[in-house]
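Participant: What would the 3D arrangement of this be:
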Amino acid sequence: MFVEHRGTWRTNGHEVRRRLDDLVERFRVEGMAPFGKTFRELVIKLLARPEIKRSPTPELAWTMLDFLLIMSSEPVQDIRLNRVTRNRSRLSMIPGIEASEKEQKERKAAIDRPPINPAETEVDWTALLSEDFLEPPEDDSLSDWSDESDSDSTCTLLPGENVGTSRSLLDMANIYDQAMQVAVPDRSGNTGYLPPGFDQRGIRSNDFSIAQPLPLSLLNYQGSHLRMSRVVQLAPLKPPGIATQYRVSDRNTNVLSRTIHAHWWHENVKVFALPSNSNPMANFAVGYVQLLNRNACGLLELPLPKTTTESCLMREILFMFVRPASCCFFEFDEQTRRINVRSNVSICTVTAGTLQGFLQHNLVPALEDMMELRRTIDTHTLHFDGIRTTGTLECFAYGLRDLIQPICQLLIAYEERVVRNPAKNTLVCFIMEFRVHFRQLRLLRHLAEDVILNMGPPHLRSAYLLSRLYRHTTPQVMHQKLATALLLVTLKRYCNIIDGWWRRATLEDRLNEFIVERCVEDDADRRGYVRKRSVDLDESLEVVEKFKQLHACPIYQLLLKHALESGETQDLLANVNLLGEMLATTNESQPPSLYDELTAQVFAQVKVYCGDVPTDEEDAQETEENPEQAADKVLVSNVQGIKNLDLFAIFTLPAQRRIAERKRLRKTKKPIQLASILSRLERSTPLQLKAEIPEALREILRKRQCMANEYAMRAYYKELQLGETVRFLRHTMMLEAYYLLLPYYTALFSRIENTENWARDSVLSSKLYRVLLPHYPDLADNLHVNVISKVTCNSTKVYEALEALELVYDMPVAMQVILTDKHMRGYNSVWRLMLKVKWAVWKLENLVFLRRHKGNPYAPLDLLGLTIRRLEILRFWLIYLINSLHTHIMQAVAQQFELRIAQCKNIRHLRTLHDEYLSLLRKHCMLTDEFRDFRIALDQLFHLVFVLDMEWTSCACYLGQNDALCLDFTLSDDGIDDGESERRGMEYLALNQVVEIELTYIRCHQTLAEILNSLVYKHDHGFLTALEVAINTSVPH
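Facilitator: Sure, this is the predicted structure:
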């Protein structure tokens, strides 16, 4: 088919190749690289087919591929929607293609193989070669190959294949060469020594081929021809290793009490430790109680305290830091979570009361602080006790864990010291050494209790945490650097959410903890907009008060402002497919995350007034350069003199790639931990810091938002054609291009007055489309007319029936951010007002002058003529008033908003300018609430036009409607004579309402003049000055 129609089907191979490469690249970008790879392999196989290569038309293959691309209907979208099914089809297709190719190769090999002699299959060469049918050489001297070398040789044959062979491998190779010489047919045609085929051993076959064996590598042979062996030497097999031994943990709580070996731990066992020496003061705890009992003379019998060694006390203290429990010296209340020291237990050298007071004052607060900190960390990292935490609280908990981890390591190290030398590591030494760490535990506990909110929605708890931490970073706070490090680590969750929004335009907030949310409207066609989160009405007053406090926090306001602006920008860029292009401008394969940028920016700002910030010891150690790196650098430097760029790339490309990869890995560092951040800040300066984190975050977000705003404005200006859309709406909905729409609206006014069935959406929209198509071919099909009221459209008054119409403009989702439903309602209100004004002008200008049937048209006017003249004067008054109003409105409509789009820097600025433009337009058209009285008087004026039209028609019916250029004044067109005309004129004088209409108009005019005078001089609406002057100077009396 392609060959027959090659004259009409023109295909460019380069263009098709480019389209195929674009499709493969699209698969790779969409995360479906295996499909693209399979597609490329199929194209290569198609182009390599012999019938394609032998074709007389070289473009046949490209034509076929072009046809297949045209016939395919959105392959990427289809695979994305049915990925599992398509992948299963792809995997099932590949084995079939490979089998077909293998079968084709075998068929081709069978065709190219020479014909087989039938006699070749008569001899079983497998059995024949296993016999020693060739006599050994006559030389009886020992061969170079001994039996020992045969046994030590490395053989590639299977054991079963070497059973029937008694010679060495070298002899077998010689026998093979001799057999091939003997197998040549003799003169008589005898081919009895030709072996059968090797596909089925021992079974005769019609196919036969002998493949020369590969050279074998023997251990004891140093010959040159055996060194060419390509057999891979494998390592010897190893027996399987022993599986890891483990035992199941016993979670029975009574195991400890049954298997414990230290009796001093038991509560019901009273023990007395052996003093260290025979000095009576060595057992002062017991001796002091005995002295008191002896001095009491039997009046008082104090129980002897339970005593243990000081090393046992130290180990028990260290255990209490890890897992608090009731033990020998301490009592733990699980209900109140308080730790108390037992009253009648001590060590030998101190009385029980003294030890109790010392421990209660110096040690128990630290134990409780460590316990509460561990409980806070476990609550927000292990998610137990049914408490639903947030990612921000989890980051804060991990920061606390990093801060107490060094203290825990010091406690473990001190336990080892107690075990090695209990005499030197006493309780007093322990308290003195860990006093600083105990103060840090107390500080961390108070900080955690102050910043963590255990009530309210997740977003309030996260924002409250950041807000309270920021308050601790002010310069007047002593622990400012500690709070700064914690705030930096806690911001990691928010930074990840902002990063996901920045790179994928999706709000990845599964825990609902971010400060904004996406609100989805009822209309499924419209994408949800981003708004600030708030608390529910059923929340307590305390939660509402906490939420109000957030608005005074600078970091909360910074994040909120960026989130609201970034949400609109990233959604727009994703809708117009510019998000990937914007992210590609960074020229980085793996751009750093927002958290990494924030950390680097904070230390860069600290460096400005504190000097170089000391780095970690790991960062300070320079990695030694290995020989491979030095060789790459030497190679690149030695070939700098090569002028041929291709040859230079051949020599240096691998080395340059390795050097670039090392540079990238050097830049990619491990995430910095909180302890490292704190140590850097503590070593940077002894002075307090400024508010570094908000400034650094503001700088980074500003750079990102500026780049996003640049692409967003380009999208509105070029891709979405916002300026053309606004100009089109101004021409159509504000009737700036009324000369184009005059036939449409004139016909509409006539149909409404004739009470036809005019209120049909499809008919009105189709007629409007036919009028706009020649002038706006790209935008005409987006504008439609809807009838919003079936009751109002039945009115015979045009100015009332027009209230039932509404224009709807179909626009993309990104455009709806600027042109919202509220804006379209404003445009429609202006459109309906303009229609009413146009209708009034059209109606007044189309009233035909009335002429009486008199002989002398220049004679003085009688009563009937004066009445007709008053009617005509009333028409001129209305025309002047309506034209004055029309001129004022057109001055407001003539403002061109599209010229101001280029001045906008971001979407918020653009939306603000459009809001101001539409508000100004509605205000100039007097459509806001403050002009309600003026609109009522204006509606009365439109009604007066309707009444005047009825009166004009009635007068024409009584007098006869004559053209102004008519020459026959004696007889009417209907053959009525002057007498009849006089009679009908007198009848009209008796029934006319010209006086009432005239008085009504005067009152309306005066009312409009008073309203405008009040608006201009009392309410300071200066833009109405010209209209006020025009109406006040023409008030009739």
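
Participant: alpha carbons only for contacts and neighbour counts from here, please
Facilitator: Noted.

Participant: pull the CA atoms of the host helix or strand of residue 597 into PDB?
Facilitator: Residue 597 is part of helix 594-610 when elements are defined by DSSP states H and E. Presented in PDB, the C-alpha positions along helix 594-610 are these (Å, rounded to 0.1, in the frame of the first residue of the first chain):
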ATOM      1  CA  LEU A 594      14.900  24.100  50.700                       C
ATOM      2  CA  TYR A 595      16.100  22.900  54.100                       C
ATOM      3  CA  ASP A 596      19.700  22.600  52.800                       C
ATOM      4  CA  GLU A 597      19.500  26.100  51.300                       C
ATOM      5  CA  LEU A 598      18.100  27.500  54.500                       C
ATOM      6  CA  THR A 599      20.900  26.000  56.600                       C
ATOM      7  CA  ALA A 600      23.600  27.300  54.200                       C
ATOM      8  CA  GLN A 601      22.000  30.700  54.100                       C
ATOM      9  CA  VAL A 602      21.800  31.000  57.900                       C
ATOM     10  CA  PHE A 603      25.500  30.200  58.300                       C
ATOM     11  CA  ALA A 604      26.300  32.600  55.400                       C
ATOM     12  CA  GLN A 605      24.500  35.400  57.200                       C
ATOM     13  CA  VAL A 606      26.200  34.500  60.500                       C
ATOM     14  CA  LYS A 607      29.600  34.600  58.700                       C
ATOM     15  CA  VAL A 608      29.000  38.300  57.700                       C
ATOM     16  CA  TYR A 609      29.400  39.700  61.300                       C
ATOM     17  CA  CYS A 610      31.000  36.700  63.100                       C
END
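
Participant: Any buried residues in the helix or strand that residue 997 is a member of, and which?
Facilitator: Using DSSP H and E, residue 997 sits in helix 994-1017. Judged by neighbour count (16 or more other C-alpha atoms under 10 Å), helix 994-1017 contains these buried residues: 994, 997-998, 1001-1013, 1015-1016.

Participant: tell me what the helix holding residue 597 is packed against?
Facilitator: Packed against helix 594-610 by the contact rule (3 or more C-alpha pairs under 8 Å, 6 or more residues apart in numbering; DSSP states H and E) you find helix 492-504, helix 692-714.

Participant: From residue 37, how far off is residue 61?
Facilitator: 19 Å (C-alpha to C-alpha, to the nearest Å).

Participant: Report all helices and strands that whichever helix or strand comes after the helix holding residue 997 contacts.
Facilitator: Going down the chain from helix 994-1017, the next helix or strand is helix 1025-1032, by DSSP H and E. On a contact count with 3+ C-alpha pairs under 8 Å, 6+ apart, helix 1025-1032 meets helix 863-893, helix 994-1017.

Participant: Pipe these into TSV and attach mean pLDDT and distance to residue 652 per row.
Facilitator: Output for the helices and strands packed on helix 1025-1032, formatted as TSV (pLDDT from 0 to 100; distance: least, C-alpha to C-alpha, whole Å):
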stretch	mean pLDDT	distance to residue 652
helix 863-893	85	67
helix 994-1017	89	81
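
Participant: Redo the ones you listed as JSON lines? Include distance to residue 734.
Facilitator: JSON lines is the format used below for those (distance: least, C-alpha to C-alpha, whole Å):
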{"stretch": "helix 863-893", "distance to residue 734": "7"}
{"stretch": "helix 994-1017", "distance to residue 734": "23"}
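
Participant: Point out the one among the ones you listed that comes closest to residue 382.
Facilitator: With distances scored as C-alpha to C-alpha, the stretch of those nearest to residue 382 is helix 863-893 (63.6 Å).

Participant: Could you find the closest non-adjacent residue to residue 707?
Facilitator: The shortest distance from residue 707 to any residue that is not its chain neighbour, by C-alpha to C-alpha, 6 or more residues apart in numbering, is 7.7 Å, and that residue is residue 582.

Participant: so that neighbour touches residue 709, yeah?
Facilitator: No - counting by C-alpha atoms under 8 Å, no contact exists between residue 582 and residue 709, whose distance comes to 10.4 Å.

Participant: Which of the two has more residues huddled nearby?
Facilitator: For residue 582 versus residue 709, the count of surrounding residues by other C-alpha atoms under 10 Å is larger for residue 709: 22 against 16.

Participant: angle of the helix holding residue 597 against helix 692-714?
Facilitator: Following axes from the mean of the first three to the mean of the last three C-alpha atoms, to 10 degrees, one obtains 120 degrees for the angle between helix 594-610 and helix 692-714.

Participant: Helix 594-610 versus helix 492-504: what angle between them?
Facilitator: In terms of direction (the same axes, to 10 degrees), helix 594-610 departs from helix 492-504 by 120 degrees.

Participant: Helices of the stretch 701-850 of the chain, start to end?
Facilitator: With DSSP state H, counting those that start in this stretch, the ranges of helices along the stretch 701-850 of the chain come out as 722-733, 738-753, 761-772, 798-801, 821-845.

Participant: Show the end-to-end separation of stretch 808-819, please.
Facilitator: Taking C-alpha to C-alpha, the first and last residues of stretch 808-819 lie 12 Å apart.

Participant: Residue ranges in the stretch 901-1037 of the chain under the pLDDT threshold?
Facilitator: Using pLDDT under 70 as the threshold, the predicted model of the stretch 901-1037 of the chain has low-confidence ranges 958-992, 1037.

Participant: And the helices in it, which stretches?
Facilitator: Counting by DSSP H, counting those that start in this stretch, residue ranges of the helices within the stretch 901-1037 of the chain are 907-924, 932-959, 978-991, 994-1017, 1025-1032.

Participant: Show me what the first one is packed against.
Facilitator: In terms of contact count using 3+ C-alpha pairs under 8 Å, 6+ apart, helix 907-924 is assigned the packing partners helix 554-575, helix 692-714, helix 821-845, helix 863-893.

Participant: Redo the ones you listed as CSV? Include distance to residue 650.
Facilitator: Output for those, formatted as CSV (distance: least, C-alpha to C-alpha, whole Å):
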stretch, distance to residue 650
helix 554-575, 41
helix 692-714, 38
helix 821-845, 62
helix 863-893, 68
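
Participant: Which of those sits closest to residue 740?
Facilitator: Between residue 740 and the helices and strands packed on helix 907-924, the tightest spacing by C-alpha to C-alpha is seen for helix 821-845, at 13.6 Å.

Participant: before we move on, back to that, can you tell which of the helices of the stretch 901-1037 of the chain is closest to residue 307?
Facilitator: Among the helices of the stretch 901-1037 of the chain, the nearest to residue 307 by C-alpha to C-alpha is helix 907-924 (75.4 Å).

Participant: picking up where we left off before, buried deepest among the helices of the stretch 701-850 of the chain, which one?
Facilitator: Using mean count of other C-alpha atoms under 10 Å, the stretch among these with the greatest mean number of neighbours is helix 798-801 (a mean of 21).
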